[in-house]
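Peer 1: Task: produce atomic coordinates for the following.
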Amino acid sequence: MDLPSSYFDKYMASKHSPGLVIVICVLLFVVALVVGSVEFGLVDFFTNQHWRSYFLSPAIISYLLVVSPRFSQMDQGIVKSLRPLIKLEKEEYNQLVRELLYVNPLKEVLALIIGVIFAFSTLITSFAFSWIFVYQLIMSSITYGLLSWVIYVNISSFNFIPTLMRQPLEINLFDISPFTSIGRQSLLLSLVFAGGITLSMIFVFDAALFQTLQFWLIYIPLGLCPAIIFFSNMIPTHQVISQAKKKELQKVEKPVIKLSRQLLESIQRGESSRELAAEINALNIFKKELKNLPTWPYDFSMLRTLFFSILLPGLVIILKSI
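Peer 2: Below you'll find the model as predicted:
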């Protein structure tokens, strides 16, 4: 089905030519290099680390250009994979998805404006007209505008998965692969956040800050955020699968209790109980298998990727401290 298309989908998340994205990213860094060299000189620009403040905006903009198309792809994957499980008519399901993923275009524009206003507010205190100041103002406005836009678009669909999980579902506990699209989306959100932290380590924080208590009080909670985002995004799905698993276990436990009582009565009467014992044993094996079934829609490769994404900012800290 065709998902509702927002301004973000049309201009940021659409599939641009890789060559075009590379050209834009390189151009952003080249312009920053030229402007920084004009202000400080090429040697001083690098030796005194002015490059960090000048390359920060190009890095963030380039990062957003690269990761934004992945968000729309994840939504499409979830809609497609969950369709066979949700007991709704096709048109009813499509209508629900459209409502959940609809993004108000006026609010998108407002989010952009708020980001630009924030950029102005951070630079206006140091206002002194020059072409370099104009460049900084433009780059800062683009950066904060895009960040505000991305944040709003992702927050606007926060109820998407929880609402789908509240629909009547037909779950096969022995095959929860249709839910792994939600796990992949959770991983993407975690990786995007971890990438943002890594960029801040490279371009914002100085190596001297790594030796202060204040830095670690801020960094440790931030460093745990990718894991928190990964699991919290899957909680509604985990709850639904866990509830289905609990119901199945109850279905198995009732006949086990009933047959166990019959077995005890047969033993007391001295009757043969092989068939009853075999039935109870089979049910207990099935019960054990049910208990071992996963209720979180991720696999080992996702956990491994998440683990290394959490380590990445720490690697940057080590390299900058050497």
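Peer 1: Kindly provide the whole-number mean pLDDT of stretch 162-180.
Peer 2: The average of the pLDDT scores along stretch 162-180 is 91.
Peer 1: Hmm, I typed the wrong one, I wanted stretch 225-237.
Peer 2: 91.
Peer 1: What is the subsequent helix or strand relative to whichever strand or helix holds residue 143?
Peer 2: Take DSSP states H and E as the rule and residue 143 turns out to sit in helix 131-156. Per DSSP H and E, the first helix or strand lying C-terminal to helix 131-156 is helix 160-165.
Peer 1: host element of the residue nearest the centre of the chain?
Peer 2: Residue closest to the mean C-alpha point of the chain, counted by C-alpha atoms, centre = their mean, is residue 189 at 1.5 Å. Assigned by DSSP H and E, residue 189 belongs to helix 180-203.
Peer 1: again, but for residue 236
Peer 2: Short version, using DSSP H and E: residue 236 is in helix 235-269.
Peer 1: C-terminal to that helix, what's the next element?
Peer 2: Criterion used, DSSP H and E; the element after helix 235-269 is helix 274-292.
Peer 1: got the angle between that next one and helix 235-269?
Peer 2: Inter-element angle recorded for helix 274-292 and helix 235-269: 160 degrees (by axes from the mean of the first three to the mean of the last three C-alpha atoms, to 10 degrees).
Peer 1: what's the spacing between helix 274-292 and its chain's center?
Peer 2: Relative to its chain's centre, helix 274-292 lies at 40 Å (C-alpha atoms, centre = their mean, to the nearest Å).
Peer 1: now swap in stretch 79-99 and tell me
Peer 2: 22 Å.
Peer 1: Please identify the buried residues of it?
Peer 2: 79, 81-82, 85-86, 93-94, 96-97 (16 or more other C-beta atoms under 10 Å). All C-beta spots, glycine's among them, are computed from the backbone N, C-alpha and C.
Peer 1: Now, those that are in helices?
Peer 2: Using DSSP state H, 79, 81-82, 93-94, 96-97 are the members of the buried residues of stretch 79-99 that sit in helices.
Peer 1: Format those as CSV; extra columns: distance to residue 64.
Peer 2: As requested, these are exported to CSV (distance: C-beta to C-beta, whole Å):
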residue, distance to residue 64
79, 23
81, 26
82, 27
93, 31
94, 29
96, 29
97, 25
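Peer 1: what residue ranges in the chain score low on pLDDT?
Peer 2: 1-2, 125-129, 205-209, 271-272, 320-322 (pLDDT under 70).
Peer 1: now with 50?
Peer 2: The chain contains no residues with pLDDT under 50.
Peer 1: Check which residues of the helix holding residue 143 are buried.
Peer 2: For helix 131-156, by 16+ other C-beta under 10 Å, it's 135-137, 139-150, 152-153, 156.
Peer 1: what does stretch 45-65 give?
Peer 2: Counting neighbours by 16+ other C-beta under 10 Å, stretch 45-65 gives 45, 50-51, 54-65 as buried.
Peer 1: Measure how far stretch 48-65 is from the centre of its chain, please.
Peer 2: Offset of stretch 48-65 from its chain centre (C-alpha atoms, centre = their mean): 23 Å.
Peer 1: secondary structure class for residue 297?
Peer 2: When classified by DSSP: H, G, I helix; E, B strand; the rest coil, residue 297 comes out as coil.
Peer 1: Who are the contact partners of the residue lying closest to it once chain neighbours are set aside?
Peer 2: Leaving out its chain neighbours, the residue that sits closest to residue 297 by C-beta to C-beta, 6 or more residues apart in numbering is residue 179, at 3.6 Å. Neighbour list for residue 179: 81-82, 237, 241, 297 [criterion: C-beta atoms under 8 Å, 6 or more residues apart in numbering].
Peer 1: what about 7 Å?
Peer 2: 237, 241, 297 (C-beta atoms under 7 Å, 6 or more residues apart in numbering).
Peer 1: what's the answer for residue 184, then?
Peer 2: By C-beta under 7 Å, 6+ apart, the residues touching residue 184 are 74, 77.
Peer 1: Could you check how far stretch 160-180 is from the centre of its chain?
Peer 2: Remark: stretch 160-180 is offset 18 Å from the chain centroid, using C-alpha atoms, centre = their mean.
Peer 1: Likewise for stretch 182-195?
Peer 2: On the basis of C-alpha atoms, centre = their mean, the separation between the geometric centre of stretch 182-195 and that of its chain is 3 Å.
Peer 1: same thing with stretch 214-230?
Peer 2: In terms of C-alpha atoms, centre = their mean, the centre of stretch 214-230 is found 15 Å from the chain centre.
Peer 1: what's next to it, contact-wise?
Peer 2: Residues outside stretch 214-230 that contact it (C-beta under 7 Å, 6+ apart): 186-187, 189-190, 193-194, 197, 209, 306, 309-310, 313.
Peer 1: Closest to residue 273 out of these?
Peer 2: Nearest to residue 273 among the contacts of stretch 214-230: residue 186, at 49.1 Å, using C-beta to C-beta.
Peer 1: Tell me how far the closest one lies from residue 231.
Peer 2: For residue 186, the distance to residue 231 equals 7 Å [C-beta to C-beta, to the nearest Å].
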